[in-house]
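Undergrad: here you go, sequence then predicted model.
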Amino acid sequence: MGPDVRILFCTRALRLFAFGFFSVILALFLAALGLSERRIGLLLTLALAGDAVVSLILTTRADRMGRKRVLIASALLMVLAGVVFATGANPWLLMLAAVVGILSPSGHEVGAFLSVEQASLAQLVTPARRTRTFARYILAGSLSTAVGALAGGAVAHALQARGFTELSSYRVLAAAYAACGIALLFLFQRLSRGIEAPVSTVRRNRFGLHRSRKPVAALSALFALDSFAGGFIVQSILAYWFHVRFQLDIAQLGMLFFAANVIAGFSALVAARIAERVGLINTMVLTHLPSNVMLCLVPLMPNATLAIAVLLARYTISQMDVPTRQSYTMAVVDPDERAAAAGITGLARSAGAAFSPAISGWMLGQAALASIPFFVAGGLKIVYDLWVFVAFRKLKPPEEKP
């Protein structure tokens, strides 16, 4: 790895560590402030919607403004969100911070970070190494999310055991989240001009695209559907559901999502090997489809042990589509469209996920509907898998063409 690639791996790891520990306690944090399930779902929706808007503004301009500048601006928004949650109590102020700042209810990427880093990595490595590099990049993030989830649960539990209230322990983690954003600022400052997009004289549309408008639009629609489905069971919602359904405490939740993210991270490496044999699209569909069947089985389990076992089994294959999906998107667009394409498809994912947590939160507040989000998410994701295969099986990335 060159120095820029190493930095991008470090920033990915640090950021996902912060997203991981804060997502585990986020819904519990809001509940400790006195918010109802409905308001919690609304705030999570606003956080995702705000991230989608910010991501669109920044990523579609990143190749012209400078990718490094966009990454630094995103880190500042992460610091802003952490500071407000560490010090504020007014629900309206928290909602404003959730919209303007960068928060991850799911523990996964939000904002412009991923799109710009993807475009930069695709430029810094050869096409033959792109999918493997993305798989390792995903692994770095998944392991960091896992450690963050474990650390968030353990630290909150330890602070509460030493006399901190639930709310005050969560504020400590919010301050740590802001500190991670500050560390990102220093790392992004060290990036070279090698990450910047090549100069292009091709006329673009307002979203930074030219040749790849149609495939990007189609991919965006499909990714929005997948994320809308996934928004019903974001990590914060899952943590809350397991807490209410099986009375798992914060430390147990941290251990659960530590294991889930470790499993998901290593599965990304397997995905790269499978993709080399059967292709990117086939890998995306063949691994994602059975994982969604397992998702529907989680709420049908009679006890916590079986529910956790099925959830972890799902994580062995559920994230294999992530590095392949990212690599495929970068492969089928021109180099000077990559940040914009990643940003638009990322926006579609954020926008799709923005509405479902509010619906899911309302369902969680109704005892008879508390498990419905699993079935809705699994069913819609199955539709997405089949649709992707039909629509894109003939559009091959360069390395798969004869």
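TA: Received, thanks.
Undergrad: any low-confidence regions in the stretch 101-250 of the chain?
TA: Along the stretch 101-250 of the chain, the parts satisfying pLDDT under 70 run over 106, 199-207.
Undergrad: one more pass at 80, please.
TA: Residue ranges of the stretch 101-250 of the chain with pLDDT under 80: 105-111, 127-128, 142, 197-211, 235-236, 250.
Undergrad: now the helices for the stretch 1-150 of the chain?
TA: 3-32, 37-65, 67-87, 91-100, 113-124, 127-161 (DSSP state H, counting those that start in this stretch).
Undergrad: residue 174: which of these is closest?
TA: Nearest to residue 174, of all those, is helix 67-87, at 3.8 Å by CB to CB. Bear in mind the C-beta positions are built from the backbone N, C-alpha and C, glycine included.
Undergrad: now for that closest one, which elements pack on it?
TA: In terms of contacts (3 or more CB pairs under 8 Å, 6 or more residues apart in numbering; DSSP states H and E), helix 67-87 is packed against helix 3-32, helix 37-65, helix 91-100, helix 113-124, helix 166-189.
Undergrad: repeat that for 6 Å
TA: helix 113-124, helix 166-189 (3 or more CB pairs under 6 Å, 6 or more residues apart in numbering; DSSP states H and E).
Undergrad: check which helices and strands the helix or strand harbouring residue 229 sits against.
TA: Element membership of residue 229 [criterion: DSSP states H and E] is helix 213-230. Counting contacts by 3+ CB pairs under 6 Å, 6+ apart, helix 213-230 packs against helix 338-364, helix 372-392.
Undergrad: quick revisit: from the helices of the stretch 1-150 of the chain, which stretch is densest packed?
TA: Compared across the helices of the stretch 1-150 of the chain, helix 113-124 shows the largest average neighbour count, a mean of 25 (mean count of other CB atoms under 10 Å).
Undergrad: now the angle from that helix to helix 67-87?
TA: 150 degrees (axes from the mean of the first three to the mean of the last three CA atoms, to 10 degrees).
Undergrad: residue numbering should commence at 505 henceforth.
TA: Taking 505 as the first residue, the last one we looked at is helix 617-628.
Undergrad: list the helices and strands helix 617-628 packs on?
TA: helix 507-536, helix 571-591, helix 842-868.
Undergrad: report the angle between the shortest one and helix 595-604.
TA: This points to helix 571-591. 160 degrees.
Undergrad: that older thread, next, format the helices of the stretch 505-654 of the chain as JSON lines and append distance to residue 675.
TA: Output for the helices of the stretch 505-654 of the chain, formatted as JSON lines (distance: least, CB to CB, whole Å):
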{"stretch": "helix 507-536", "distance to residue 675": "8"}
{"stretch": "helix 541-569", "distance to residue 675": "16"}
{"stretch": "helix 571-591", "distance to residue 675": "5"}
{"stretch": "helix 595-604", "distance to residue 675": "12"}
{"stretch": "helix 617-628", "distance to residue 675": "24"}
{"stretch": "helix 631-665", "distance to residue 675": "10"}
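Undergrad: many thanks, we can stop here.
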